[in-house]
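> sequence first, then the predicted structure:
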Amino acid sequence: MTIDILPLSGAIGAEIRGVDLSQPVAAELQRDLLNAWHKYVLILFRNQNLTDDALLNSSSWIGPLGARSRPAERRQEKDPYIMLVSNIRKNGEPIGSLPDGEMWFHHDMAFVDVPHKATFLYSVEVPDHGGNTKFANMYAAYDLLPERLKKALAGKRVMQIFDYKETSQPRLSDLDKVKHAWHPAIVRHPDTGRKALYVNRLMTVTIEGMPHDEARAIIEEVIPFAEDPSIIYEHKWRPGDFLVWDNRCSTHARTDFPETERRLLKRGMIEGAPLMPA
Ligand SMILES: [Fe+2]
């Protein structure tokens with residue numbers, strides 16, 4: 001089987017044509033998909049038609065599914081692997097776990113000790129306008145950093161914190177109430193060997209071994225590089241899009257969309273390993 005690979009931007013992402021993810025992926029194709037995924041960080045398959053069972057196997061060429069981190073009492077769905085990302089309500093109750101509107105740039109699951117390495121999103125219903133997903137290449141973010149900031153982060157760990165809020169960060173004084181984890185500020189990708197920045201606006205709260213004010217000042221200097229327009233691709237969803245990205249070397253954010261528009265995506269993740277410092 002031959003596949004076509006079309007870059008989505010100069011920054012990150014490629015569309016792969018010629019693959020039906022509802023069918024088993026042969027060994028040779030698995031290798032081609034993994035190579036493309038490592039090269040482009042984010043890959044897109046359009047016009048997919050996936051039942052929930054097919055969705056569970058859709059990324060087995062990357063690895064086994066990872067269970068969700070959100071506690072069962074704070075989510076609407078029963079399935080431990082597939083999350084509904086939706087603003088749709090039934091009898092006044094949201095059917096999904098993530099609320100409406102904007103969401104800041106983040107690495108998925110950075111707030112746990114062993115984050116899942118990949119996330120996939122499959123779109124079922126999308127608004128005509130807004131609700132796009134932006135992806136930023138964290139290899140490129142690292143490369144953009146001035147030497148001074150690379151030095152400031154070298155060998156350091158950062159704390160990642162999250163409280164299931166999308167556009168704000170909990171305070172350090174609330175640590176006992178929210179999920180948090182220490183990770184290298186710069187990670188080395190286990191397959192590509194490349195260095196990637198592991199700092200993001202939503203979750204990165206402080207740097208180990210320095211006064212908090214100093215750490216905040218550095219993080220605030222780093223964020224504009226992590227969100228530089230030159231390293232970002234903005235995806236406008238169509239129904240049937242299947243996107244899968246690498247959480248070790250990319251971040252993503254969501255743009256706002258009108259409350260009146262229905263949006264339904266299904267999300268799953270692939271198990272990871274402890275992050276390696278660079
Ligand atoms: Fe996310």
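Received, thanks.
> strands of the stretch 151-278 of the chain, residue ranges please.
Secondary structure of the stretch 151-278 of the chain (DSSP state E, counting those that start in this stretch): strands at 157-162, 179-184, 186-188, 195-197, 204-207, 232-235, 242-246, 250-254, 264-270, 276-277.
> out of these, flag the one nearest residue 22.
For the strands of the stretch 151-278 of the chain, distance to residue 22 was read as Cβ to Cβ. The smallest value, 10.1 Å, belongs to strand 242-246. C-betas here are computed from N, CA, C, even on glycine.
> tell me the angle the closest one makes with strand 250-254.
Counting by axes from the mean of the first three to the mean of the last three Cα atoms, to 10 degrees, strand 242-246 points 130 degrees away from the direction of strand 250-254.
> any buried residues in strand 242-246, and which?
Buried residues in strand 242-246, counting neighbours by 16 or more other Cβ atoms under 10 Å, are found at 242-246.
> ok, stretch 191-210 next?
Applying 16+ other Cβ under 10 Å to stretch 191-210 flags 194-207 as buried.
> with stretch 217-232 instead?
By neighbour count with 16+ other Cβ under 10 Å, stretch 217-232 contains the buried residues 218-219, 222-223, 225-227, 231-232.
> stretch 167-186 now?
169-170, 178-181, 183-186.
> how about stretch 13-20?
13-16, 19.
> what does stretch 253-269 give?
For stretch 253-269, a neighbour-count test (16+ other Cβ under 10 Å) marks 253-254, 257, 263-269 as buried.
> also stretch 271-278?
Judged by neighbour count using 16+ other Cβ under 10 Å, the buried positions of stretch 271-278 are 272, 275, 277-278.
> can you list the low-confidence ranges for the protein?
Segments of the chain classed as low confidence (criterion: pLDDT under 70) are 1, 70-78, 97-100, 165-166.
> rerun at 90
For the chain, applying pLDDT under 90 flags the ranges 1-2, 67-103, 127-131, 162-178, 254-263.
> would you map the helices across the stretch 51-200 of the chain?
Per DSSP state H, counting those that start in this stretch, the stretch 51-200 of the chain carries helices over the ranges 52-57, 138-144, 147-153.
> what's the most buried one of those helices?
Ranked by mean neighbour count, these are led by helix 138-144 with a mean of 22 (mean count of other Cβ atoms under 10 Å).
> now tell me what touches it from outside.
11-12, 41, 107, 150, 186, 189, 192, 194-198, 225-226, 228, 230-231, 248-251 (Cβ atoms under 8 Å, 6 or more residues apart in numbering).
> ok, now with 6 Å
Contacts with helix 138-144, where a contact means Cβ atoms under 6 Å, 6 or more residues apart in numbering, come from 194-197, 225-226, 228, 231, 249-250.
> just those residues now: which is nearest residue 121?
Of all these, residue 121 sits closest to residue 250, with 12.9 Å by Cβ to Cβ.
> do you know how far residue 132 is from residue 202?
Distance, residue 132 to residue 202, using Cβ to Cβ, to the nearest Å: 17 Å.
> related to what we said a few turns ago, can I get the buried residues of stretch 191-210 in JSON lines including distance to residue 84?
Formatted as JSON lines, the entries for the buried residues of stretch 191-210 read as follows, by distance: Cβ to Cβ, whole Å:
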{"residue": "194", "distance to residue 84": "33"}
{"residue": "195", "distance to residue 84": "35"}
{"residue": "196", "distance to residue 84": "29"}
{"residue": "197", "distance to residue 84": "30"}
{"residue": "198", "distance to residue 84": "28"}
{"residue": "199", "distance to residue 84": "29"}
{"residue": "200", "distance to residue 84": "24"}
{"residue": "201", "distance to residue 84": "25"}
{"residue": "202", "distance to residue 84": "21"}
{"residue": "203", "distance to residue 84": "22"}
{"residue": "204", "distance to residue 84": "27"}
{"residue": "205", "distance to residue 84": "28"}
{"residue": "206", "distance to residue 84": "33"}
{"residue": "207", "distance to residue 84": "35"}
